[in-house]
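Peer 1: Please find the sequence and the predicted model below.
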Amino acid sequence: AHEGILRRQALRESAARTYARSLPIVPVRARGMTIEGADGRRYLDCLSGAGTLALGHNHPVVLEAVKKVIDSGAPLHVLDLATPVKDAFVTELFATLPRELADDARIQFCGPAGTDAVEAAFTLVRAATGRSGLLAFTGAYHGMTTGALAASGGAPDTTVTRLPFPHDYRCPFGVGGERGADIAARWTEYLLDDPKSGVPAPAAMIVEPVQGEGGVNPAPDGWLRRMREITRDRSVALIADEVQTGVGRTGTFWAVEHSGVVPDVMVLSKAIGGSLPLAVIVYRSGLDLWEPGAHAGTFRGNQLAMAAGAATLAYVRENGLAERAGTLGARMLARLQALSAEHPSIGHVRGRGLMLGIELVDPQAPPACGAPESAVPPPDPALAAAVRQECLRRGLIVELGGRHSAVVRLLPPLTLTDEQATAVVDRLADALRAAEH
Ligand code: PMP
């Protein structure tokens, strides 16, 4: 069955599919962090549905919540009408939000995918401000619909102005750290304030508190606070895209809590649906100036996703899984840092909570021509791809990210055990040793 399914998929499915190309697995069963393939092989899943599965696969509280709705005879599809299931989800979600926002927030259900919520956020801020411009960052990822893609740098769009995201490693200004973040902030102020910069007054700035697809780049807290000041002082809405960072992943329930920044709009998806499709925006009531129907969509009322999501949010909150992600993530990060001391091919290890990245480099390659003093070795996508395959052979699923696909990303469920965390780093270390040869 395993080979046949893979062969038919290779024949019929689009060449654009991504995960299927690099992961020749036919999952038939899964529980927690473990996936079992049709060939009987078992894998530790550090991809977690691209960060969706906060509680891992088929967590009992999620399955219970879904079964309860089905057994109750409640309708599964009622567009965006009010239901007890939806009411419970909204109540649970609001209990997790930063107080300042929760006390004065509105919610809009946006559709099944994160990208739907990003589009809704753009429509909202444009209607509220009467402006069309958007500020987005280098390395950002917000989705695959037209507006989200433009904000991700994937399609040219004159309404989007791209600003530098600060990096400690491979800093575009060649300095890194606080100085690099300061230059990035000054560049932003300069573009917004110089009438000759050609940047029209924008409606909003959209930022990921930790860039995921961009290669696991945490926004420095001080820099994020500065972005809050810059946007507030100029009446520009601040949109936090917490699609991947939310629900405890980074060590706090929402990643903006690390800096204390309260955004005007939060874009939420992935884990809020407890493994089923759900996306919403939550925003300050003062922005609620769009017309009824300004953002519609047939699948905004997924009852099973709301039930699974409410159960997930409650479980993460009641069991302190955000704190656990913080401590376990820090322990894994420290072990990865120790590993990098032994391997010059590990250029940088970074992350927050259980959102970790290992950037692989070619230490033998000469620095790029004209590179600044602090130039670091070039990224090594071939090594990263080899590490991923070696991980797979050792029963570990990891994903790659970053501009050059040279960053190995770890997004384990928040429920992983100490032993599983150890096994992940052990297998990764083994895979790296094998791939280096
Ligand atoms: N924003 C961020 C930060 C994401 O990581 C993603 C998905 N990886 C999206 C938006 C888009 O979500 P979706 O794939 O559900 O459209």
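Peer 2: Noted; the coordinates are in hand. Everything numeric here is computed off the predicted structure, so don't read it as measured data. Residues are numbered from 1 along each chain as shown.
Peer 1: Compute the number of surrounding residues for Ala296.
Peer 2: 12 (other CB atoms under 10 Å). Heads up, the C-betas are built off the backbone N, CA and C, glycines and all.
Peer 1: Could you check how far it is from the ligand?
Peer 2: From Ala296 across to the ligand, the span is 17 Å (CB to the nearest ligand atom, to the nearest Å).
Peer 1: Would you double-check that that residue falls in a strand?
Peer 2: No. Residue state for Ala296 (DSSP: H, G, I helix; E, B strand; the rest coil) corresponds to coil; a strand is not indicated.
Peer 1: I'd say His2 and Asp39 touch.
Peer 2: Yes. Using CB atoms under 8 Å, His2 makes contact with Asp39 at a distance of 4.1 Å.
Peer 1: Between those two, which contacts overlap?
Peer 2: Contact with both His2 and Asp39 is made by residues Val26, according to CB atoms under 8 Å, 6 or more residues apart in numbering.
Peer 1: Tell me which stretches of the stretch 101-250 of the chain form helices.
Peer 2: 114-129, 146-151, 177-193, 221-233 (DSSP state H, counting those that start in this stretch).
Peer 1: Strands along the stretch 1-150 of the chain, start to end?
Peer 2: 27-31, 34-37, 42-45, 105-111, 133-137 (DSSP state E, counting those that start in this stretch).
Peer 1: mind checking which of those strands is nearest the ligand?
Peer 2: strand 105-111 (9.0 Å; CB to the nearest ligand atom).
Peer 1: tell me the mean pLDDT for stretch 325-340?
Peer 2: What stretch 325-340 shows for mean pLDDT is 98.
Peer 1: And stretch 242-252, by the same measure?
Peer 2: 98.
Peer 1: Keeping just the C-alphas, turn it into PDB.
Peer 2: Taking C-alpha atoms only, stretch 242-252 is exported to PDB below (Å, rounded to 0.1, in the frame of the first residue of the first chain):
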ATOM      1  CA  GLU A 242       0.500  35.000  15.600                       C
ATOM      2  CA  VAL A 243      -0.700  32.300  13.200                       C
ATOM      3  CA  GLN A 244       2.400  30.200  14.000                       C
ATOM      4  CA  THR A 245       3.600  31.700  17.300                       C
ATOM      5  CA  GLY A 246       0.300  31.500  19.200                       C
ATOM      6  CA  VAL A 247      -1.100  29.200  21.800                       C
ATOM      7  CA  GLY A 248       1.900  28.700  23.900                       C
ATOM      8  CA  ARG A 249       4.500  27.800  21.300                       C
ATOM      9  CA  THR A 250       7.100  30.400  22.200                       C
ATOM     10  CA  GLY A 251       6.800  30.100  26.000                       C
ATOM     11  CA  THR A 252       4.000  32.600  26.600                       C
END
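Peer 1: Can you give me every residue that contacts Met266?
Peer 2: Contacts of Met266 (CB under 8 Å, 6+ apart): 97, 101, 239-240, 242, 246, 254, 256, 281-283.
Peer 1: Please disregard the earlier target; I meant His142.
Peer 2: Taking CB under 8 Å, 6+ apart, we find His142 in contact with 114-115, 118, 136, 148-149, 151-152, 206, 208, 241, 243, 267.
Peer 1: Equivalent analysis for Val216, please.
Peer 2: Per CB under 8 Å, 6+ apart, neighbours of Val216: 210, 350-351, 355-357, 401-402, 407, 409.
Peer 1: what's the pLDDT at the residue lying closest to Gly402 once chain neighbours are set aside?
Peer 2: Of all residues not flanking Gly402 in the chain, Gly215 sits nearest, at 2.8 Å (CB to CB, 6 or more residues apart in numbering). pLDDT for Gly215: 97.
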